[in-house]
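**Q** got a predicted model here, sequence first, then my questions.
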Amino acid sequence: MTQSSNRIFDELARFATDAAGAAQGVRREIESVVRSQFERLVKDMDVATREEVDVLREMVTAAREENEKLAARVKELEAKLSSTAGINPATP
């Protein structure tokens with residue numbers, strides 16, 4: 001009886017191991033399918049990539065700096081104009 005019960009336990013252990021391996025395989029397959037569906041959904045939504053956002057941020061920063069330089073230059077020119085012509089730059 002001891003020999004047959006060991007055999008039963010061995011078979012049960014082998015069955016449990018096989019079931020666990022199969023469950024992991026199914027889990028990996030489901031993760032793969034979900035990941036591919038999610039990537040397709042994001043691609044269809046036309047969402048910007050991280051790189052595109054970084055490039056846009058750099059462009060906005062450069063434009064803002066240029067705008068500040070131009071505003072300072074306009075103020076400087078208005079001051080020169082008003083001092084030479086005696087005109088108030090705030091008046092249109």
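**A** Yep, that arrived.
**Q** and the strands in this protein?
**A** Along the chain, no segments are classed as strands by DSSP state E.
**Q** how is it partitioned into domains?
**A** Domain segmentation of the chain under automatic domain parsing yields 1-46, 48-92.
**Q** now find how far off-centre the shortest one is within its chain.
**A** Read that as domain 48-92. Relative to its chain's centre, domain 48-92 lies at 31 Å (Cα atoms, centre = their mean, to the nearest Å).
**Q** what's the mean pLDDT across that domain?
**A** On average, the pLDDT along domain 48-92 is 89.
**Q** can you tell me which helix in the chain is longest?
**A** Criterion DSSP state H: the longest helix present in the chain is helix 2-44.
**Q** can you lay out the domains of the chain as a markdown table showing mean neighbour count?
**A** In this view, the C-beta of every residue, glycine as well, is placed from N, C-alpha and C. Converted to a markdown table, the domains of the chain look like this (neighbours: other Cβ atoms under 10 Å):
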| stretch | mean neighbour count |
| --- | --- |
| domain 1-46 | 9 |
| domain 48-92 | 10 |
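**Q** outside of stretch 17-34, which residues touch it?
**A** Residues outside stretch 17-34 that contact it (Cβ atoms under 8 Å, 6 or more residues apart in numbering): none.
**Q** hmm, I was thinking of stretch 49-59
**A** Outside stretch 49-59, the residues touching it (Cβ under 8 Å, 6+ apart) are A48.
**Q** could I get it in CSV with only the CA atoms?
**A** Extracted in CSV, the C-alpha atoms of stretch 49-59 (Å, rounded to 0.1, in the frame of the first residue of the first chain):
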residue,chain,number,x,y,z
THR,A,49,5.2,59.9,-27.8
ARG,A,50,7.5,61.0,-25.0
GLU,A,51,10.1,62.1,-27.6
GLU,A,52,7.6,64.3,-29.4
VAL,A,53,6.5,65.9,-26.2
ASP,A,54,10.2,66.6,-25.2
VAL,A,55,10.8,68.2,-28.7
LEU,A,56,7.7,70.3,-28.4
ARG,A,57,8.8,71.5,-24.9
GLU,A,58,12.2,72.5,-26.2
MET,A,59,10.5,74.4,-29.1
